[in-house]
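Trainee: Turn this into a structure:
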Amino acid sequence: MSPLKLACAQVNVSVGAIEQNADRCYSVIEEARQLGVDILLFPELALTGYPPEDLLLQPQFIEDNLVALRKIATMVADDIVVVVGFVRRGDDLHNSIAVLFDHQVQMIYDKQILPNYTVFDECRYFRPGSAQPHLLEVNGVAVGLAICEDAWSPQGAISQAAAMGAEVVLVANASPYEMGRQAAREQLMEVRASDESVAILYCNLVGGQDELVFDGGSFFVGASGNVQSRAKRFVEDLLVVDFMGEEARYRKRLLDPRGELRVAIGPWERTVLNLQRPGGVNPVRESSCAPIDPPVRGFDPDEVIAAIVLGTRDYVRKNRAPGVLVAVSGGIDSALVAALAVEALGPSAVDLVALPSRYSSSGSLADATDLAHNLGARLVTLPIEAAHSALTEILAEEIAVEGVVDENLQSRI
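Mentor: Model (predicted):
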């Protein structure tokens, strides 16, 4: 059996921009098809963006997402299987992924475990899916499906799929960045893979969305429980890996030689898909991703800077703002903010504003001028002495505006 080429489409989509998101997905599908990919996995809710929140209360929003799904499905031929996240409308709403092949939606999986802590509020909008004894089979390889939180539970979708005989599980994710989170993700998926003797393709969203940052970092874990390939972090990336399946089969036979565990939970359904490859052979191709070093487990300043830059850039871009203003005092705090803004947006989209007054030293203004020159940003100087004097006069009858009080008045202005 020739190997399956699996791919993670680590894309940056925007909440609410369904048509734009669908176009982005389709462009990646075309890229993956040219690279000989057999199964292409997108992140959780790739069509709507994550988290869609109260947009889900608008019937037209749900309908638009379904229209986009059907449109993409008609464009997917029989030479690639595409797995994409969307919102399914049944008796209630479900956070789901659809399997697209041969111009149709072939199978749907609903998220079973809905997170409702920290930044997550999925129980407000979705109904959890039930455990579904349904497996995908692509060119003889048994494939399971899971969505984000489903994969974190030891009794969740990975365990269920493995018990049905899955050799690889595709996990669609929208897992936000926090320091040290990437190492925890990889460690947990290594445990799941090793415990269940199943390979895992973990595809994570990337990009900033309001106050959240998604850091990507998609990866592939072999059935022995070792991360074998990683995508880049904080940027869009297409991770392509070859999967033969022999390792998973060997470990399953070793741990369950008679297949008793799989027999015990049957029967189950299989959606069988046979790819039509040009010439019947999958093109030989190296992975598109160079080896990526394991994530740092402690504090990593480069990682923090990358998260701030991505979050800033996408907040401004997705809100269609032309640029930002940064007040600079000549001190290190405002200099750091200005440098990060320029890194994120470029100097032409950042205006620095100096606001000198009676307590500003000549050195402060000189430092602000040097900062603007070094960053290539425009500096606007707006003296605030007139405003300071006016407020001092207004407050004088009630407050003794002197010393620290007077200095803080400058800061408030």
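Trainee: Show the backbone phi and psi for the residue nearest the centre of the chain.
Mentor: Centroid-nearest residue in the chain, with CA atoms, centre = their mean: L205, separated by 1.6 Å. When quoted as degrees, to the nearest 10, the phi and psi of L205 stand at phi -70, psi 150.
Trainee: Any figure for the gap between it and Y125?
Mentor: Applying CB to CB, to the nearest Å, the value for L205 to Y125 is 17 Å. Heads up, the C-betas are built off the backbone N, CA and C, glycines and all.
Trainee: What of I384?
Mentor: Distance from I384 to Y125, by CB to CB: 47 Å.
Trainee: Between the two, which has more neighbouring residues?
Mentor: More crowded of I384 and Y125, by other CB atoms under 10 Å: Y125, with 19 against 16.
Trainee: Surely the more buried one touches Y50?
Mentor: No. At 11.5 Å, Y125 does not count as touching Y50 under the criterion of CB atoms under 8 Å.
Trainee: For whichever strand or helix holds E393, give me every contacting residue.
Mentor: According to DSSP states H and E, E393 maps onto helix 385-395. Residues outside helix 385-395 that contact it (CB atoms under 8 Å, 6 or more residues apart in numbering) are P356, S357, R358, V401, D406, L409, Q410, I413.
Trainee: Narrow those residues to those in helices?
Mentor: Mapping the contacts of helix 385-395 onto helices (DSSP state H) picks out D406, L409, Q410.
Trainee: residues contacting the last one?
Mentor: Same thing as Q410. S357, R358, Y359, S360, I384, H388.
Trainee: And the pLDDT for it?
Mentor: Here the pLDDT value assigned to Q410 is 89.
Trainee: For burial, what's the neighbour tally of the closest residue to it other than its chain neighbours?
Mentor: Closest residue to Q410 apart from its sequence neighbours, by CB to CB, 6 or more residues apart in numbering: S357 at 4.7 Å. Per other CB under 10 Å, the neighbour tally for S357 reads 18.
Trainee: For the stretch 51-200 of the chain, which segments are assigned as strands?
Mentor: 81-89, 93-101, 104-110, 134-138, 141-147, 168-173, 199-204 (DSSP state E, counting those that start in this stretch).
Trainee: so of the ones you listed, which one's packed in deepest?
Mentor: Burial of these is given as mean neighbour count (mean count of other CB atoms under 10 Å); strand 168-173 ranks first at a mean of 29.
Trainee: Pull it out as PDB, backbone CA atoms only.
Mentor: Taking Å, rounded to 0.1, in the frame of the first residue of the first chain, the C-alpha atoms of strand 168-173 are listed here in PDB:
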ATOM      1  CA  VAL A 168      -4.700   7.800  12.600                       C
ATOM      2  CA  VAL A 169      -7.000  10.500  14.200                       C
ATOM      3  CA  LEU A 170      -7.400  13.900  12.700                       C
ATOM      4  CA  VAL A 171      -7.900  16.600  15.400                       C
ATOM      5  CA  ALA A 172      -9.200  20.000  14.300                       C
ATOM      6  CA  ASN A 173      -8.300  22.700  16.900                       C
END
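Trainee: Strand partners (parallel or antiparallel) of it?
Mentor: strand 141-147 (parallel), strand 199-204 (parallel) (DSSP bridges).
Trainee: Tell me which of those sits nearest to D23.
Mentor: Closest to D23 of the strands paired with strand 168-173 is strand 199-204 (CB to CB; 19.0 Å).
Trainee: In the stretch 201-350 of the chain, mark out all the strands, start to finish.
Mentor: 206-209, 212-215, 219-221, 227-230, 237-243, 269-273, 324-327, 350-354.
Trainee: Let me know the average pLDDT across the first one.
Mentor: Mean per-residue pLDDT for strand 206-209: 98.
Trainee: Switch the contacts of Q410 over to TSV; also include pLDDT.
Mentor: Output for the contacts of Q410, formatted as TSV (pLDDT from 0 to 100):
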residue	pLDDT
S357	90
R358	89
Y359	89
S360	87
I384	95
H388	94
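Trainee: quick one: which of those residues is nearest R270?
Mentor: Of all the contacts of Q410, R270 sits closest to I384, with 71.5 Å by CB to CB.
Trainee: Tally up the residues packed near the spatially closest residue to A338 that is not a sequence neighbour, please.
Mentor: In this structure, A338 finds its nearest non-sequential neighbour in V326, 4.6 Å apart by CB to CB, 6+ apart. Neighbour count of V326, defined by other CB under 10 Å: 20.
Trainee: Return the set of buried residues in stretch 374-388.
Mentor: By 16 or more other CB atoms under 10 Å, the buried positions in stretch 374-388 come out as L375, A377, L379, I384, H388.
Trainee: which one of those residues is nearest L238?
Mentor: When these are compared against L238 (criterion: CB to CB), the nearest one is L375, at 32.8 Å.
Trainee: burial measure for the closest residue to the closest one other than its chain neighbours, as a count.
Mentor: Spatial nearest neighbour of L375, chain neighbours left out: V342 (4.7 Å); criterion: CB to CB, 6+ apart. For V342, the neighbour count with other CB under 10 Å is 23.
Trainee: where does the stretch 51-200 of the chain dip in pLDDT?
Mentor: Residues of the stretch 51-200 of the chain meeting the criterion pLDDT under 70: 132.
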